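# Fold the stuff below for me.
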Amino acid sequence: KIPWDNNKPFLLGDFEESESLKNICPRTLMKRIQQQCNNLGYLPLFSNEFEWFNFLETPHSLYQKNYSAPTPLTPGMFGYSILRSSQHSFFVNKLFESLHEFKIPIEGMHTETGPGVYEACIKYTTILEAADQAVLFKNSVKELAYQDGIMASFMAKWNKDLPGCGGHIHQSLWSIDDKKNIFYNDSKDHKMSDLMESYLAGILFCLPHILPMYAPTVNSYKRFVAGSWAPTTASWGFDNRTTAVRVVNSSEDSIRIENRVPGSDANPYLSMCASLASGLYGIKNGLKLDILPTSGTEYNEGNSNLLPTNLYKATKAMKESDIANELFGELFTNHFIKTREWEWKQYDPEQKNWEMKRYFEIV
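Now for the predicted structure:
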């Protein structure tokens, strides 16, 4: 039930009768990948963290100014600011309380670097529930913001001079039988099990072949720039926020992989599916982690594993590779590639604020 809308019932569903629709439904795809993981004896635990900007606008006011120069909720670069959070405590408290009632548990929330930007972390759970919560989180934040005359935007990069918005995915595999984190091996120097290394190798190997699953819009690729805390290469490191994958290896319970490739504009069903399927690919094929961890800033390492720089190039790479078909099936892959080709064809760089008009409110 939706607590801020008179407890109106809300249902999440899947396509059942139409075989063709079942094959292209993101939520059904997730169930299939999750089952593959369970069949191997693994329980995938996932969570999403989101960054998003908030503006003192309405859909009408933004339309009237042709989507130019929206007014941020607060000025200045106040990352991790108690002051800025307290200035709008009514909004912050409403998000915490309403989302909790809606069964979307928020572990933490704070201001991020940029005017009017927040970050929230959703508590980890099984992958399907995590994706459901992530999808509902984005829509719920927008609805609750509207009530206070605020527009929340999950665009990946609404302003080239400001940081982009990540939709990072935290993940680990646990044994179904005894509920232990099988990414952990106490005898290894960095506590990473062989299985975790193969899982990570799979993510990195598959990444350039399926990038549109993480970065589905024209705007997604504006976020992948050096010096922006967003990745530009297929890379990894220990607690490194400049790489595509950050490994957190602080303890047995918390050791995990953070996939930092998705922006907040990603479809959580697809981005989580992509990450899990890629990791399982690495395990099934016994991939070795032959990419060394980045110890400094990845942007200065001269890494040759550069990611595609726009939606056209990324979709072309996905179409020319067999990896996506193997991970997601031919029917889903063909359909998804056609949607991304269509999206690129809609792109009109000559039209002022085309990306803002298309993505500001809807992603």
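
# what residue is smack in the middle of this structure?
Closest to where the C-alpha atoms of the chain average out (Cα atoms, centre = their mean) is Gly167, at 3.2 Å.

# show me the contacts for it.
For Gly167, the contacting residues are 48-51, 134, 154, 262-266, 268, 271, taking Cβ atoms under 8 Å, 6 or more residues apart in numbering as the criterion. In short, each C-beta sits where N, CA and C put it, glycine included.

# Measure how far the helix or strand hosting Leu280 is from the centre of its chain, please.
Mapping Leu280 onto the secondary structure by DSSP states H and E places it in helix 268-284. Relative to the centre of its chain, helix 268-284 is centred 13 Å away, using Cα atoms, centre = their mean, to the nearest Å.

# Mind listing what's buried along that helix?
Judged by neighbour count (16 or more other Cβ atoms under 10 Å), helix 268-284 contains these buried residues: 268-283.

# quick one: which of these is nearest Gly108?
Pro268 (18.4 Å; Cβ to Cβ).

# Tell me who's in contact with that closest one.
Neighbours of Pro268 in contact, by Cβ under 8 Å, 6+ apart: Asn48, Ala130, Ala131, Ala134, Val135, Gly167.

# ok, the last one to Asn93 distance?
Just to be clear, that refers to Gly167. With distances defined as Cβ to Cβ, to the nearest Å, the gap from Gly167 to Asn93 amounts to 24 Å.

# what ranges do the helices span in the protein?
19-24, 26-39, 59-64, 82-87, 89-101, 127-147, 194-206, 211-214, 268-284, 311-320, 323-328, 330-346, 354-359 (DSSP state H).

# out of those, nearest to Val248?
Nearest to Val248 among these is helix 194-206; the distance by Cβ to Cβ comes to 11.3 Å.

# So which elements touch that closest one?
Using 3 or more Cβ pairs under 8 Å, 6 or more residues apart in numbering; DSSP states H and E, the elements in contact with helix 194-206 are strand 169-175, strand 245-248, strand 256-259, helix 268-284.

# tell me the mean pLDDT for it?
Along helix 194-206, the predicted local confidence has a mean pLDDT of 99.

# Would you mind measuring from the residue of the chain most remote from its centre to Asp194?
Here the centre of the chain is the reference, and by Cα atoms, centre = their mean the most remote residue is Ser187, at 31.9 Å. Taking Cβ to Cβ as the measure, Ser187 and Asp194 are separated by 11 Å.

# quick revisit: winner for burial among the helices of the chain?
Most buried of these by mean neighbour count (mean count of other Cβ atoms under 10 Å) is helix 211-214; its value is a mean of 28.

# who's in contact with it?
Helix 211-214 is touched from outside by 207, 220, 259, 261-263, 266, 270-271, 273-275, 307-308, 311, 314-315, 317-318, 324, 336-337, 340, with contacts defined as Cβ under 8 Å, 6+ apart.
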